[in-house]
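**Student:** Would you be able to build a 3D model of this:
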Amino acid sequence: MAKKKASRSTKKASKKAPARKAPARKAAGKKGSKKKAATGDLIISKSRTKAMASLNVSSDFYGALDAKVREMITMAEHRATENRRATLRPQDL
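**Tutor:** Presented below is the predicted three-dimensional model:
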């Protein structure tokens, strides 16, 4: 059998297509703007409170508990901003 002669190819490197530009990012919102949670969403889940309570719980209890928790979070946010912090800590409660 005859050996094939290895030929060196002199292919030119093909030019790659130019990279696409990254999509433009949205401009950052104003500093200090607060996002409010939808009032329809409960912070406290009913299943957790049912697991903890050995008593019956009325349906109004969950709404009142949610309102109290939201009030506590608002007060904690206020205390953290007074102390020039952007992070809520347990002592803020």
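**Student:** which stretches of this structure form helices?
**Tutor:** Assigned by DSSP state H, the chain shows helices spanning 46-52, 59-82.
**Student:** Pick the most buried one from those helices.
**Tutor:** Highest mean neighbour count of these: helix 59-82, a mean of 13 (counted as mean count of other C-beta atoms under 10 Å). To be clear about C-beta, it is placed using only N, CA and C from the backbone, and glycine gets the same treatment.
**Student:** follow-up on the earlier one: which stretch among the helices of the chain comes nearest residue 25?
**Tutor:** helix 59-82 (26.9 Å; C-beta to C-beta).
**Student:** Output that closest one as PDB, nothing but the C-alphas.
**Tutor:** C-alpha atoms of helix 59-82 as PDB (Å, rounded to 0.1, in the frame of the first residue of the first chain):
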ATOM      1  CA  SER A  59     -60.300  33.500  59.900                       C
ATOM      2  CA  ASP A  60     -59.900  37.200  61.000                       C
ATOM      3  CA  PHE A  61     -56.800  36.200  63.100                       C
ATOM      4  CA  TYR A  62     -54.600  35.800  60.000                       C
ATOM      5  CA  GLY A  63     -55.400  39.200  58.600                       C
ATOM      6  CA  ALA A  64     -54.700  40.800  62.000                       C
ATOM      7  CA  LEU A  65     -51.500  38.900  62.500                       C
ATOM      8  CA  ASP A  66     -50.300  39.900  59.000                       C
ATOM      9  CA  ALA A  67     -51.100  43.600  59.800                       C
ATOM     10  CA  LYS A  68     -49.100  43.400  63.100                       C
ATOM     11  CA  VAL A  69     -46.100  41.800  61.300                       C
ATOM     12  CA  ARG A  70     -46.200  44.500  58.600                       C
ATOM     13  CA  GLU A  71     -46.300  47.200  61.300                       C
ATOM     14  CA  MET A  72     -43.300  45.600  63.100                       C
ATOM     15  CA  ILE A  73     -41.400  45.500  59.800                       C
ATOM     16  CA  THR A  74     -42.200  49.200  59.100                       C
ATOM     17  CA  MET A  75     -41.000  50.200  62.600                       C
ATOM     18  CA  ALA A  76     -37.800  48.100  62.100                       C
ATOM     19  CA  GLU A  77     -37.100  49.800  58.800                       C
ATOM     20  CA  HIS A  78     -37.600  53.200  60.500                       C
ATOM     21  CA  ARG A  79     -35.200  52.300  63.300                       C
ATOM     22  CA  ALA A  80     -32.500  51.000  60.800                       C
ATOM     23  CA  THR A  81     -32.700  54.100  58.700                       C
ATOM     24  CA  GLU A  82     -32.400  56.300  61.800                       C
END
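**Student:** Alright, I will stop here.
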